[in-house]
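**Student:** With the sequence up front, the predicted model follows.
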Amino acid sequence: MNQLHRYLRKVFTVDLRALAIMRIWVAGIILTDLAIRATDLEAHYSNMGVLPLHVLHQFGWNPYHFSFHTLSGLWQIQAILFLIAAAFAVCLLLGYKTRTATIVSWVLLVSLQNRNTFISQGGDDLLRMLLFWGMFLPWGKFYSYDAAKSREPGLQQTTYFSAATAAYILQIFLVYFCTALLKNSPEWHTEGTALYYALSLDQILMPVGRLIYPYPELLEFLTLTTWYVELLLPFLLLIPFYNSFFRLVVVGVLFGFHIGISLTLFVGLFYLINIASIAGMLPPKAMDWVEKHLLSSFRRPLTGQFQRIFRGLKSPATLQVRLSLDKPLLSQAQLRYLREGFVSFILFYCIWWNLSGADARVPAMTGHTTWLGNLLRVDQRWGMFAPAVFKDDGWYVLEGHNNKGQLIDLNREGEAADYAKPSSVVSLFKNDRWRKYSENYLFVNYAFLRPYYCNYLVRRWNEANPHNPVRELQVVYMKEYTLPDYQPVEPKREVLCTCANLPE
């Protein structure tokens, strides 16, 4: 038993300073995500947009989900919730009331994601899980206002071990190992053609991806390398000797891996979230170097800035949020045992969820066991380009019929409808949320989305262009199925939806 404990402590101990960097990074991503989403408050979160509440509840709602964002279909209410989430994200960034800020940020993030699951991607799942485990991690002990005002003895202790640190590291392990298990098609681990198919998707192709696309031998090498890295690299995290060295190897390889993804494929905030997730694994020696060379001149001034910023919060006239968590009814020891037991239970639950979903020969989860994952939103599936890469490529032509009998493309600011492939398909999307929505829009299972998107486009266009309204709109998809070995293919015109501007 002592040997097991020594092994766990050796493998799952983290540096509190690294956790603090991860906290700051996660908070910055939340603020960035809110800023991007805020540009589509009406479109994605109101009853005037592409997913009214009654459609969500009829077709896309899980009975165990919760969402404050579903209390109203007005974009103004959504804006208020966005501002509240941003305020707590700033508190998380600065490390003010860190535990409370983490809990509220997690609740509001889950609420926001549950409002519209049709624009979510794998990075959203990881961000949600980082906040979930963060509620049980002391990631406010360094580089925070809480740390600046703390007088706790032993604050110079920078290492920390608990069930939450084990959960955090094993979460990273599951992300990469399970995505490799899910990629079980020959194009990943025998043919080596997965990256060729991925870079054939013009909807996500970035400039560097365009540069390397013509080289099949390179793409085959990168495909096999990607799969073996995802399959084998996570096991370095479980080696109890030379732990700092292997952590640095994992962090360095994954950092380069995700930078490479961002340069070749349009994945939104996905790569930044993944980089944030590995920042907390930086070992003490690496953090010693970071503090000495990068943070030494900032720590003291930063502390002073924190004190000045929050000095006003000590005034009796200032509204302060005080939760019962600050005055526990149980002893510290009892709370610790409860926390460790709960985190351990959820950790094993997440391992079961991941392995059963990845066909790892473990008992499958049933409806009697998945409710907890859906309630806490610890449900996860790391299936990017799995089991095989999507082959249906193409681009949208929003074919509007105006009162003059002309065909115009709403996707290109009302220019004459042109069915030729654009020089950059990815540039047609405002952001990755719209790209993901457009991807889901293609699936027959999501056909219920189509008329609401079509009518939303007509209304918005006619409001913005009263002198050139459209009386009918066809959402056309120019489908270009990817064939092997760079074989050319003729795009096929598919009308996904037709809607008319009916007079009131």
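**Tutor:** In hand now; what should we look at? From a predicted model like this one, the values you see are computed outputs, not experimental measurements. Numbers count the residues shown, from 1 in each chain.
**Student:** Could you use CA atoms for every contact and neighbour count after this?
**Tutor:** OK.
**Student:** What are the buried residues along the longest helix belonging to the chain?
**Tutor:** Secondary structure of the chain per DSSP state H: the longest helix is helix 332-357. Buried residues in helix 332-357, counted by 16 or more other C-alpha atoms under 10 Å: 339, 343-344, 346-347, 349-357.
**Student:** Which parts of this structure are strands?
**Tutor:** 14-15, 159-160, 392-402, 407-409, 415-416, 470-481, 492-500 (DSSP state E).
**Student:** Any regions of this structure where pLDDT drops low?
**Tutor:** 151-156, 297-329, 502-504 (pLDDT under 70).
**Student:** circling back to that earlier point, turn the buried residues of helix 332-357 into TSV, columns for distance to Trp139.
**Tutor:** Compiled in TSV, the buried residues of helix 332-357 are given as follows (distance: C-alpha to C-alpha, whole Å):
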residue	distance to Trp139
Arg339	16
Val343	16
Ser344	19
Ile346	20
Leu347	19
Tyr349	23
Cys350	22
Ile351	23
Trp352	27
Trp353	26
Asn354	26
Leu355	28
Ser356	31
Gly357	30
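**Student:** Would you check which pair of these lies furthest apart?
**Tutor:** Farthest-apart pair in the buried residues of helix 332-357 is Arg339 and Gly357; separation 26.8 Å (C-alpha to C-alpha).
**Student:** still on that earlier bit, out of the strands of the chain, nearest to Gln121?
**Tutor:** strand 392-402 (18.2 Å).
**Student:** Check which helices and strands the closest one sits against.
**Tutor:** Judged by 3 or more C-alpha pairs under 8 Å, 6 or more residues apart in numbering; DSSP states H and E, the packing partners of strand 392-402 are strand 407-409, strand 470-481.
**Student:** Which neighbouring elements make contact with the shortest one?
**Tutor:** Put plainly, it is strand 407-409. strand 392-402, strand 415-416.
**Student:** quick revisit: of all the helices and strands packed on strand 392-402, which lies closest to Glu291?
**Tutor:** Across the helices and strands packed on strand 392-402, closest to Glu291 is strand 470-481 (C-alpha to C-alpha), at 51.3 Å.
**Student:** Give me the sheet partners of that closest one and which way each runs.
**Tutor:** In the sheet, strand 470-481 lines up against strand 392-402 (antiparallel), strand 492-500 (antiparallel) (DSSP bridges).
**Student:** just checking, Phe429 touches Arg435?
**Tutor:** Yes: counting by C-alpha atoms under 8 Å, Phe429 touches Arg435, with 5.8 Å between them.
**Student:** quick one, which of these two is more surrounded?
**Tutor:** Higher neighbour count among Phe429 and Arg435: Arg435, with 21 against 16, using other C-alpha atoms under 10 Å.
**Student:** Correct me if wrong: the more buried one contacts Tyr441.
**Tutor:** No: the criterion here is C-alpha under 8 Å, and Arg435 misses it with Tyr441 at 9.7 Å.
**Student:** Kindly provide the distance from the most far-flung residue of the chain relative to its centre to Glu472.
**Tutor:** The C-alpha centroid of the chain is most remote from Lys404, which lies 44.2 Å away (C-alpha atoms, centre = their mean). According to C-alpha to C-alpha, to the nearest Å, Lys404 stands 12 Å off from Glu472.
**Student:** got it, and Trp139?
**Tutor:** From Trp139 to Glu472 the distance is 54 Å (C-alpha to C-alpha).
**Student:** ok, those two, which is more surrounded?
**Tutor:** Counted by other C-alpha under 10 Å, Trp139 and Glu472 do not tie: Trp139 has more neighbours, with 26 against 19.
**Student:** Can you give the domain ranges for the protein?
**Tutor:** Per automatic domain parsing, the structural domains of the chain span 2-376, 392-500.
**Student:** Indicate which one of those is closest to Gly383.
**Tutor:** Short answer: domain 2-376, nearest of these by C-alpha to C-alpha, at 5.5 Å.
**Student:** Determine how far the last residue of that closest one lies from the first.
**Tutor:** OK, domain 2-376 end separation, C-alpha to C-alpha: 33 Å.
**Student:** Rebuild the strands paired with strand 470-481 as TSV, extending it with distance to Lys10.
**Tutor:** Below are those laid out as TSV (distance: least, C-alpha to C-alpha, whole Å):
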stretch	distance to Lys10
strand 392-402	47
strand 492-500	56
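**Student:** Mean neighbour count, those: which tops it?
**Tutor:** strand 392-402 (a mean of 22; mean count of other C-alpha atoms under 10 Å).
**Student:** Can you pull out the residues in contact with that one?
**Tutor:** 200-203, 406-411, 417-419, 421, 425, 468-482, 491 (C-alpha atoms under 8 Å, 6 or more residues apart in numbering).
**Student:** Buried ones only from these, please, as a PyMOL command.
**Tutor:** The buried residues among the contacts of strand 392-402 can be selected in PyMOL (16+ other C-alpha under 10 Å) with this line:
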select buried, resi 200+201+202+203+407+408+409+410+411+417+419+425+468+469+470+471+472+473+474+475+476+477+478+479+480+481+482+491
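**Student:** correct me, but Ser240 touches Lys10?
**Tutor:** Wrong residue type there; residue 240 is Pro, not Ser. Yes: between Pro240 and Lys10 there is a contact under C-alpha under 8 Å: 5.7 Å.
**Student:** who's Glu494 bridged to?
**Tutor:** Bridge pairing for Glu494 - DSSP bridges - gives Tyr477.
**Student:** roughly how far apart are it and Ile36?
**Tutor:** For Glu494, the distance to Ile36 - C-alpha to C-alpha - is 30 Å.
**Student:** Over to Gly400?
**Tutor:** On the measure of C-alpha to C-alpha, Gly400 and Ile36 end up 27 Å apart.
**Student:** try Phe385
**Tutor:** Using C-alpha to C-alpha, we find Phe385 at a distance of 24 Å from Ile36.
**Student:** on that earlier part again, so for Met129, which of the strands of the chain sits nearest?
**Tutor:** strand 14-15 (17.4 Å).
**Student:** So which residues make contact with the closest one?
**Tutor:** 158-161, 165, 280-284, 287.
**Student:** Take these and lay them out in TSV including distance to Arg361 and neighbour count.
**Tutor:** Shown next, in TSV, are the contacts of strand 14-15 (distance: C-alpha to C-alpha, whole Å; neighbours: other C-alpha atoms under 10 Å):
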residue	distance to Arg361	neighbour count
Thr158	39	15
Thr159	36	13
Tyr160	34	16
Phe161	31	17
Thr165	27	26
Gly280	31	24
Met281	30	28
Leu282	33	25
Pro283	34	23
Pro284	37	17
Met287	39	19
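**Student:** neighbours around Gln58, how many?
**Tutor:** So Gln58, with other C-alpha under 10 Å, has 10 neighbours.
**Student:** swap that for Arg433, please
**Tutor:** 20.
**Student:** got a list of what it touches?
**Tutor:** Contact analysis of Arg433 by C-alpha under 8 Å, 6+ apart lists 37, 119-120, 268.
**Student:** which ones among those are found in helices?
**Tutor:** Among those, DSSP H puts Arg37 in helices.
**Student:** Of the contacts of Arg433, which is the nearest to Lys149?
**Tutor:** Nearest member of the contacts of Arg433 to Lys149, counting by C-alpha to C-alpha, is Arg37, at 34.3 Å.
**Student:** Against Gln76, how distant is that closest one?
**Tutor:** 14 Å.
**Student:** What of Asn274?
**Tutor:** Taking C-alpha to C-alpha as the measure, Asn274 falls 32 Å from Gln76.
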